[in-house]
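Trainee: dropping the sequence and predicted coords here.
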Amino acid sequence: MGNPFFRFKQFEIWHDRCAMKVGTDGVLLGAWTDVSHSQNVLDIGTGSGLIALMIAQRCRAKVTGVEIDAEAAKQACENVALSPWKGRVSIRQADITAFEGGKYDTILSNPPYFREQVYCSDIQRNAARHTGTLTFEDLLDAVIRLLTDDGCFSVILPFEAAGYFIGSAAERHLYPMYRTNVQTRPGISPKRVLLTLSRNILPCKEDTLVIESEPRIYSPDFIQLVKDFYLAF
């Protein structure tokens, strides 16, 4: 059994009662998303509350984490209560498709359903029906409903899902502003994509983040991105 908690520089995350453990994907999204002008932030599928607390560390916004699983939501509440930002972070146990929490200028999501290697709408919808997970369409419909007119939505997803996801977003008038392709090491095909989308059609700024410059040696760009969180840096 793994360690039941993960210690960051300014907070701890207990995740032994959460299906989604602390991992690189969540840390990347929480560190990469631009929150310099955020005032009201929503983390969809917050799990242990990791991303919600990362955002609270980075800015002075009010942060809400929504989690459908009762045990994960309870543990996220406990993590928030132990953090320095308990006055600005709240956790709600709810199904995001029915969640009514007002409007948010920044929405993030690193949900478990993006792990599934099914990116055809019908196949994904059938899988969701049997597992209780969301489809891309469900998530995007929730974002459209909860995002302010000038707000931004950031997400991390498998590289091979990006085309389908961007197409589904465009059908709902959400368009990519920033895209970072994430490579484990130089010369290896990207495994993940970080995206920020908005309602505005703008030229998309695209770059690449390499996590390791060589095996077990983290790249300067990765260290710069996460140095405020990981104890190792």
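Mentor: Structure received.
Trainee: CA atoms for contacts and neighbours, from now on please.
Mentor: Fine.
Trainee: wait, Leu42 touches Val63, no?
Mentor: Yes: in this structure, Leu42 is within contact of Val63 by CA atoms under 8 Å, at 5.9 Å.
Trainee: which strand runs longest in this protein?
Mentor: With secondary structure taken from DSSP state E, the chain has its longest strand at strand 147-158.
Trainee: I'd like to know which elements the next helix or strand after that one is packed against.
Mentor: Note on strand 147-158: by DSSP states H and E, the next helix or strand toward the C-terminus is helix 162-171. Packing contacts for helix 162-171, counted by 3 or more CA pairs under 8 Å, 6 or more residues apart in numbering; DSSP states H and E, involve helix 136-146, strand 175-183.
Trainee: point out the most buried one among the ones you listed.
Mentor: Most buried of the helices and strands packed on helix 162-171 by mean neighbour count (mean count of other CA atoms under 10 Å) is strand 175-183; its value is a mean of 21.
Trainee: contacts for that strand?
Mentor: 159, 166, 169, 189-211 (CA atoms under 8 Å, 6 or more residues apart in numbering).
Trainee: quick one: it to chain centroid distance?
Mentor: Centre-to-centre, strand 175-183 and its host chain are 13 Å apart (CA atoms, centre = their mean, to the nearest Å).
Trainee: okay, the helices and strands packed on helix 162-171 in CSV with mean pLDDT and distance to Gly23 next?
Mentor: Putting these into CSV (pLDDT from 0 to 100; distance: least, CA to CA, whole Å) gives the following:
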stretch, mean pLDDT, distance to Gly23
helix 136-146, 95, 21
strand 175-183, 99, 14
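Trainee: of those, which is nearest Gln224?
Mentor: Nearest to Gln224 among the helices and strands packed on helix 162-171 is strand 175-183 (14.7 Å), distances taken as CA to CA.
Trainee: what pairs with the helix or strand just after the closest one, and is each one parallel or antiparallel?
Mentor: Using DSSP H and E, the next helix or strand after strand 175-183 towards the C-terminus is strand 192-198. In the sheet, strand 192-198 lines up against strand 147-158 (antiparallel), strand 175-183 (antiparallel) (DSSP bridges).
Trainee: who's in contact with the nearest residue to Asp69 once chain neighbours are set aside?
Mentor: For Asp69, ignoring the flanking residues on the chain, the nearest one in space by CA to CA, 6 or more residues apart in numbering is Gln93 at 6.9 Å. Residues near Gln93 by CA under 8 Å, 6+ apart: Val66, Glu67, Ile68, Asp69, Ala70, Ala73.
Trainee: just to revisit the earlier point, quickly list what's touching both of Leu42 and Val63.
Mentor: Shared contacts of Leu42 and Val63, defined by CA under 8 Å, 6+ apart, are found at Ala52.
Trainee: on that earlier part again, let me know the pLDDT of the residue nearest to Asp69.
Mentor: Predicted confidence (pLDDT) for Gln93: 97.
Trainee: what pairs with it across the strands?
Mentor: Glu67.
Trainee: separation between it and Ile166?
Mentor: 28 Å (CA to CA, to the nearest Å).
Trainee: again, but for Ala31
Mentor: 22 Å.
Trainee: the more surrounded of these two?
Mentor: Looking at Ala31 and Ile166 with other CA atoms under 10 Å, you find the greater number of neighbours at Ala31, namely 20 against 17.
Trainee: dump the residue contacts of that one.
Mentor: Met54, Ile55, Leu225, Val226.
Trainee: which of the helices or strands spans it?
Mentor: Assigned by DSSP H and E, Ala31 falls in helix 24-32.
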